[in-house]
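Peer 1: Quick one, what's the 3D model for this:
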Amino acid sequence: GTVNPMALADKEASGYSKKIAKNLNVDFSLEYKVPFVEGLSLKATMGYTQSDSWNKNWNMNIVYMGYREDAQEYYESASASNANKASLSLEDGFSYNITGQGFINYIRSFGNHNINSGLVFEFSDAENRATVTSRGEFPSTVLDMMAQYFADKWGFFPSASIGWMLTNEEFMNPLKKVLNEFKIRASWGELGDLSAASQYYANNEQYYFQSGYQYPGTPMNFGDRTIYGLNPTLNPNPDFTWATSSMINAGVDFKLWNGLLSGSADVFYRQRKGLPAQKANDNAGALATWYNLDHDNTRGFEFSLNHQHKIGEVNYFVGGNMSWSRTRKGNIEHGRFTSGYDEWKWNTEGHWNNIRWGYNCIGRYQSYGEIANAPMHNNSNNNSAILPGDLKYEDWNGDGYIDDYDQRPIGRNAYPELVYGINLGLSWKGVDFSMFWQGGALSDFQIGAFDMDAFQEGATNLNTWEYFGDRWHRADYTDPNSEWIPGYFPAVRD
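Peer 2: Numbers count the residues shown, from 1 in each chain. Predicted coordinates:
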């Protein structure tokens with residue numbers, strides 16, 4: 001073979017890898033019960049982690065020898081020409097993360113009333129530093145890469161919640177035989193939201209804080225030599241950070257007839273501010289950086305209803321749930337629009353984010369005469385590409401042409417706004433059965449080429465026979481003047 005374990009085990013022949021890592025983890029907490037206020041306590045917790053690492057990798061090219069019996073000669077492996085080449089990489093990294101929480105809790109009972117409240121403060125700070133260098137093709141002096149970056153962000157995100165078990169109050173006693181539990185609750189909170197910027201962070205994290213160059217960049221060939229240039233990085237924006245997501249939620253929980261019927265219902269509203277966007281008037285071109293500019297908001301509801309009972313030795317349950325949510329765009333960074341139509345179509349500020357644009361289909365062409373009198377279709381070679389049975393689109397702006405200016409909102413995207421489910425089951429003497437059904441609504445699915453074309457890219461195993469069996473076609477395919485027979489699918493093109 002071409003792998004020699006003895007050579008691989010010899011660091012003088014194959015190279016080596018050295019790693020040094022130091023990790024520190026510290027956690028502590030402190031609690032104080034205020035003696036002069038019953039039920040009041042103060043608590044603080046803190047956690048600290050630190051990592052310090054150093055890696056060195058020295059890789060050498062191993063030359064293997066082989067023997068050809070037919071030629072009765074020894075030969076070197078194909079890599080022998082690079083026998084004197086080696087590569088070196090060095091990595092030096094340091095990071096820490098500190099998280100702290102402060103609690104003010106007040107827990108006390110007054111007769112049938114219970115108070116359980118708290119104020120929580122949390123902070124976190126983190127820093128990451130790394131330097132990576134590498135050099136290839138020793139003993140040459142080609143420097144492959146050198147990078148150093150760090151990150152240091154912090155934020156304050158408060159939250160609060162409150163709940164009231166109404167059935168613990170005396171004025172609810174007349175209803176307790178029917179309404180066993182009834183609780184109302186509400187909450188509000190803020191969080192740092194990275195969901196909309198995750199791809200940006202993954203690709204550009206090392207360029208937040210400083211401008212510079214990346215090496216190796218664009219290669220330039222001069223004869224048999226290749227020289228690598230420097231590629232400029234994005235313009236820095238050290239203030240770019242997570243978006244702020246604030247959520248308001250209100251809900252109820254209830255139980256009737258000792259658990260025969262129970263459920264919950266919630267409504268919520270979420271607003272996100274500071275979503276990533278590039279400035280419309282930024283003249284940096286490909287080097288333009290990102291800012292926290294855009295906003296959006298989401299509203300919705302969800303509820304569930306459950307019933308369980310026992311009849312003889314049979315236990316059964318039935319439950320249902322439903323949820324709805326929809327997002328509307330808020331402030332959206334944009335440039336100047338050249339026309340009222342462009343602003344109406346492309347300015348999505350205040351629009352729902354799941355709107356689908358398209359042409360309004362008003363029927364099917366029934367004959368060549370109808371096609372000849374139809375508005376001119378874009379890219380149809382003066383409508384000569386249209387056949388009877390093709391879809392007929394509305395000339396929405398009335399200019400005699402079917403083009404992009406006839407597109408308008410025609411529906412939603414494929415992700416359902418409304419999701420619902422039903423679960424049921426039963427058990428008897430150790431045997432149980434259950435099932436769960438789920439569905440979605442308020443969405444529109446667009447049929448793509450692979451769903452409708454009989455010979456899409458040569459694939460004949462899609463719906464070819466169904467297509468042929470119910471398509472628009474000539475009564476006699478050998479006679480171009482024979483009548484058209486209607487079908488569900490459009491006519492097959494040559």
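Peer 1: Which residue ranges of the stretch 351-494 of the chain form helices?
Peer 2: 368-372, 449-452, 464-469 (DSSP state H, counting those that start in this stretch).
Peer 1: Would you single out the least confident of those helices?
Peer 2: Across the helices of the stretch 351-494 of the chain, helix 449-452 has the smallest mean pLDDT, namely a mean of 51.
Peer 1: where are the low-confidence patches of this protein?
Peer 2: 1-3, 64, 76-85, 112-113, 135-155, 196-216, 234, 284-287, 447-464, 494 (pLDDT under 70).
Peer 1: center of it - which residue?
Peer 2: Ser195 (6.5 Å; Cα atoms, centre = their mean).
Peer 1: any idea how far that residue is from Ala265?
Peer 2: 26 Å (Cβ to Cβ, to the nearest Å). Quick note: C-beta positions are derived from backbone N, CA and C, even for glycine.
Peer 1: now swap in Ala243 and tell me
Peer 2: 28 Å.
Peer 1: For the two, indicate the residue with more neighbours.
Peer 2: Ranked by neighbour count (other Cβ atoms under 10 Å), Ala243 and Ala265 place Ala243 first, with 20 against 15.
Peer 1: Surely that one and Leu275 touch.
Peer 2: Yes. The pair Ala243 / Leu275 is scored as a contact, 5.0 Å apart, by Cβ atoms under 8 Å.
Peer 1: As a check, name the ranges of all strands in the stretch 301-450 of the chain.
Peer 2: Counting by DSSP state E, counting those that start in this stretch, the stretch 301-450 of the chain has strands at residues 314-329, 355-358, 361-364, 376-377, 391-393, 401-402, 408-412, 418-428, 431-441.
Peer 1: Contact partners for Ile362?
Peer 2: Residues in contact with Ile362 (Cβ atoms under 8 Å, 6 or more residues apart in numbering) are Lys392, Tyr393, Glu394.
Peer 1: quick check, nearest of the residues you listed to Leu261?
Peer 2: Of all the contacts of Ile362, Glu394 has the smallest distance to Leu261: 49.7 Å, by Cβ to Cβ.
Peer 1: Roughly how far does that closest one sit from Tyr401?
Peer 2: According to Cβ to Cβ, Glu394 stands 12 Å off from Tyr401.
Peer 1: same deal with Ser187?
Peer 2: For Ser187 relative to Tyr401 (Cβ to Cβ), the value is 54 Å.
Peer 1: What about Leu166, how many residues nearby?
Peer 2: 15.
Peer 1: who are the neighbours in contact with it?
Peer 2: Counted by Cβ under 8 Å, 6+ apart, Leu166 has contacts Met172, Phe182, Lys183, Ile184.
Peer 1: Just the buried residues from those residues, in ChimeraX please.
Peer 2: Applying 16 or more other Cβ atoms under 10 Å to those leaves a buried subset, and the ChimeraX line that selects it is:
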select :182,183
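Peer 1: from the contacts of Leu166, which is closest to Ile62?
Peer 2: When the contacts of Leu166 are compared against Ile62 (criterion: Cβ to Cβ), the nearest one is Lys183, at 71.3 Å.
Peer 1: what comes into contact with the host helix or strand of the closest one?
Peer 2: Take DSSP states H and E as the rule and Lys183 turns out to sit in strand 179-193. Residues outside strand 179-193 that contact it (Cβ under 8 Å, 6+ apart): 155, 157-167, 172, 241-259, 272.
Peer 1: could I get that strand in PDB with only the CA atoms?
Peer 2: This file holds the C-alpha atoms of strand 179-193, laid out as PDB (Å, rounded to 0.1, in the frame of the first residue of the first chain):
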ATOM      1  CA  LEU A 179     -65.400  25.600  37.100                       C
ATOM      2  CA  ASN A 180     -62.700  23.900  39.200                       C
ATOM      3  CA  GLU A 181     -59.800  26.000  38.100                       C
ATOM      4  CA  PHE A 182     -59.500  29.300  36.200                       C
ATOM      5  CA  LYS A 183     -56.300  31.300  36.000                       C
ATOM      6  CA  ILE A 184     -55.500  34.400  34.000                       C
ATOM      7  CA  ARG A 185     -51.900  35.400  33.300                       C
ATOM      8  CA  ALA A 186     -49.900  37.900  31.400                       C
ATOM      9  CA  SER A 187     -46.200  38.400  30.600                       C
ATOM     10  CA  TRP A 188     -43.800  40.800  28.900                       C
ATOM     11  CA  GLY A 189     -40.200  40.400  28.100                       C
ATOM     12  CA  GLU A 190     -37.300  41.400  25.900                       C
ATOM     13  CA  LEU A 191     -34.600  39.200  24.400                       C
ATOM     14  CA  GLY A 192     -31.700  39.500  22.100                       C
ATOM     15  CA  ASP A 193     -32.600  38.000  18.800                       C
END
